[in-house]
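Enquirer: got a predicted structure here, sequence first:
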Amino acid sequence: MINATSTVRIKSVNQTHDKEGSLIAFGIAEFYYRGREGVVADEIPYRSKGAPAVIINSKGVGIHGTAEGYIDQQVDIRENYKEKIATLVIRNFVSAEPISELVQRDSNAHSPETPEFAKELLEDNITSTDEEFDSKPPF
């Protein structure tokens with residue numbers, strides 16, 4: 001079993017139920033990795049059952065999230081050719097909102113105004129600590 005944790009975007013959602021009535025969600029997920037060309041997007045079939053399937057089904061197509069699970073290799077035999085199909089089996093899914101843009105803020109842009117009574121307390125505290133520091137020997 002090949003364990004996988006990946007940030008994915010769900011491109012399609014289909015659903016069915018098993019004999020016990022658990023929800024099964026399946027479809028195509030898109031994941032990203034860094035290649036020679038930079039960031040590359042690729043697709044993989046996925047399936048999930050139970051709680052992750054409920055989350056994926058309720059959020060719908062286009063959600064982003066972190067998927068934990070494993071890669072399942074299924075063998076499809078057609079005449080003389082065996083094709084291995086990798087499927088991401090999602091055992092845990094945490095949905096997240098993607099960051100559309102990063103904004104850098106100036107640290108001095110806006111600081112809350114200090115009320116007058118707090119300024120007096122701060123000044124008293126600063127002067128008392130300075131006096132204590134000056135009266136004590138350095139070591």
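Expert: That came through fine. Numbers count the residues shown, from 1 in each chain.
Enquirer: what's the model's confidence in the host helix or strand of residue 6, averaged?
Expert: Assigned by DSSP states H and E, residue 6 belongs to strand 2-10. Strand 2-10 shows a mean pLDDT of 89.
Enquirer: check stretch 74-81 too.
Expert: For stretch 74-81, mean pLDDT rounds to 84.
Enquirer: who does whichever helix or strand comes after the strand holding residue 6 touch, helix- and strand-wise?
Expert: Note on strand 2-10: by DSSP H and E, the next helix or strand toward the C-terminus is strand 14-17. Contact here means 3 or more C-beta pairs under 8 Å, 6 or more residues apart in numbering; DSSP states H and E; on that basis strand 14-17 packs against strand 23-35. Where C-beta positions appear, they are placed from N, C-alpha and C, glycine not excepted.
Enquirer: what pairs with the strand it packs on, parallel or antiparallel?
Expert: Sheet pairing for strand 23-35, assigned by DSSP bridges, gives strand 2-10 (antiparallel), strand 14-17 (antiparallel), strand 38-49 (antiparallel).
Enquirer: could you dump these to JSON lines with distance to residue 79 and mean neighbour count?
Expert: Converted to JSON lines, the strands paired with strand 23-35 look like this (distance: least, C-beta to C-beta, whole Å; neighbours: other C-beta atoms under 10 Å):
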{"stretch": "strand 2-10", "distance to residue 79": "28", "mean neighbour count": "16"}
{"stretch": "strand 14-17", "distance to residue 79": "28", "mean neighbour count": "12"}
{"stretch": "strand 38-49", "distance to residue 79": "22", "mean neighbour count": "15"}
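Enquirer: distance to residue 62 added to those strands, as TSV?
Expert: Compiled in TSV, the strands paired with strand 23-35 are given as follows (distance: least, C-beta to C-beta, whole Å):
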stretch	distance to residue 62
strand 2-10	7
strand 14-17	15
strand 38-49	14
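Enquirer: can you list the residues that contact stretch 28-48?
Expert: Applying C-beta atoms under 8 Å, 6 or more residues apart in numbering, the contact partners of stretch 28-48 are 6-12, 24-27, 56, 67, 69, 85-91, 93.
Enquirer: dump the residue contacts of residue 86.
Expert: Taking C-beta under 8 Å, 6+ apart, one finds 44-45, 71-73 in contact with residue 86.
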